[in-house]
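# please work out how this folds:
(one chain, ligands or ions: 1)
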Amino acid sequence: MGKGSGYGKVILFGEHFVVHGVPGIVSATDAKTDAEVRKIPQGITIKDDRKGSKGYAEEKKLQQIESIERMLKIMGLPQTTAMSIWLGGDLPGFSGLGASAASSVAIARAIAEEFTLHFSDEQINQIAYEAEKAYAGNPSGIDNTAATFGGLLWFQKNMRGGSDIFEKILIKKPVEIIIASTGIVANTKAMVEGVAQRKKANPEKYNPLFKQAEELAFAGKKALLNFDLKKVGELMNENHRLLQEIEVSCKELDYLVDVARREGALGAKLTGGGGGGCMTALTPGMDLQEKVASTIEKEGFQVLRTKIGVQKL
Ligand code: PMV
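As a prediction, the model looks like this:
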């Protein structure tokens, strides 16, 4: 049997903008997805024991099969490779948490172990990127990079097709955040395509917003390095406003953002593809984290309590 894991992720700055080459900031979550792969005589079977939003696994089934086919191809294995795949771990299957990339990294590592293939982390990252295309169409690569390497990362897609640029951002100490799910399974691919279409149709509106997103990413990095959490929160709020302007938020996300801010979060924004999926809020200290998380839970939403900036998970 082969085993592997991949981290979940939360984007602090720059989702959607990163697809177009704007830098972004992402943190791995301490929750991760685990995979086990076993050779079997025939076919591919998948047993998905990941916890979280019920419809998620069903909704993503076809994309999951395509992602595995893509992985086999780039790993140099025949499409007829027969195996059973088990998925589990403590990363919930909410959309917006990078669950697909975490599972691709976990599966790629487990396949590599079971079939005695030796891949470096860079190669696993590349394989997971290929798999992500099944879920996201034209992914930036931010999810698979966080899923593979973990930690808090500065990320910029290489628009010329070479290796993406990423570097670790080291902060004074890990900071509590919460991630709340709207419960709506979002279609990242459709959301990404929608932004690209609107950007093309309306450059007068979109180009300045993309410029602002770039400035925000640099300001966010500076605030994180200075451990100025108040500033980080303000910039996250600003990032949410930009995401509303490019029409990827929705009323449920805006509602969760409002509740988190009202309960004292330093900043709150949608995270990931939007259109459903998740909201994240900066809630330093376990007391504040608990206050915001429990209020949102009482309203019937699922919440993940995690930290950003944990270097070794
Ligand atoms: O919804 P998620 O967790 O797959 O995050 C998508 C992030 C985007 O920036 C919208 C797309 C991408 O490939 O970077």
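
# for the stretch 101-250 of the chain, what spans make up the helices?
121-136, 142-149, 188-201, 203-225, 229-245 (DSSP state H, counting those that start in this stretch).

# so which of the ones you listed is the most packed in?
Among the helices of the stretch 101-250 of the chain, helix 142-149 has the highest mean neighbour count (mean count of other CB atoms under 10 Å), at a mean of 28. In short, each C-beta sits where N, CA and C put it, glycine included.

# against which helices or strands is it packed?
strand 2-13, strand 24-39, helix 99-114, helix 121-136, strand 152-156 (3 or more CB pairs under 8 Å, 6 or more residues apart in numbering; DSSP states H and E).

# can you add mean pLDDT and give the helices of the stretch 101-250 of the chain back as CSV?
Shown next, in CSV, are those (pLDDT from 0 to 100):
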stretch, mean pLDDT
helix 121-136, 93
helix 142-149, 95
helix 188-201, 94
helix 203-225, 98
helix 229-245, 98
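
# will you turn those into CSV that also has distance to the ligand?
Converted to CSV, these look like this (distance: least, CB to the nearest ligand atom, whole Å):
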stretch, distance to the ligand
helix 121-136, 5
helix 142-149, 5
helix 188-201, 4
helix 203-225, 11
helix 229-245, 10
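
# which strand or helix spans the most far-flung residue of the chain relative to its centre?
Residue farthest from the centre of the chain, counting by CA atoms, centre = their mean, is P41 at 34.2 Å. If you go by DSSP states H and E, P41 is not part of any helix or strand.

# can I assume it is in contact with T81?
No - counting by CB atoms under 8 Å, P41 does not reach T81; the two are 11.7 Å apart.

# most packed of the helices and strands packed on helix 142-149?
helix 99-114 (a mean of 28).

# what average pLDDT does that one get?
Across helix 99-114, pLDDT averages out at 96.

# return the distance of that helix from the chain's centre.
Relative to the chain's own centre, helix 99-114 is displaced by 15 Å; criterion: CA atoms, centre = their mean, to the nearest Å.

# cool, and stretch 225-238?
20 Å.

# residue numbers of this protein in contact with the ligand?
Applying CB under 6 Å from any ligand atom, one finds that the chain approaches the ligand through 15-16, 18-19, 95-98, 136, 139-140, 142-143, 188, 192, 272-273, 277.

# what is the neighbour count of P78?
When neighbours are defined as other CB atoms under 10 Å, P78 has 8 of them.

# confirm it sits in a strand?
No - under DSSP: H, G, I helix; E, B strand; the rest coil, P78 sits outside any strand and is assigned coil.

# ok, now how distant is it from S103?
The span separating P78 from S103 equals 22 Å under the rule CB to CB, to the nearest Å.

# likewise R109?
11 Å.

# now E15
Counting by CB to CB - E15 and S103 are separated by 19 Å.
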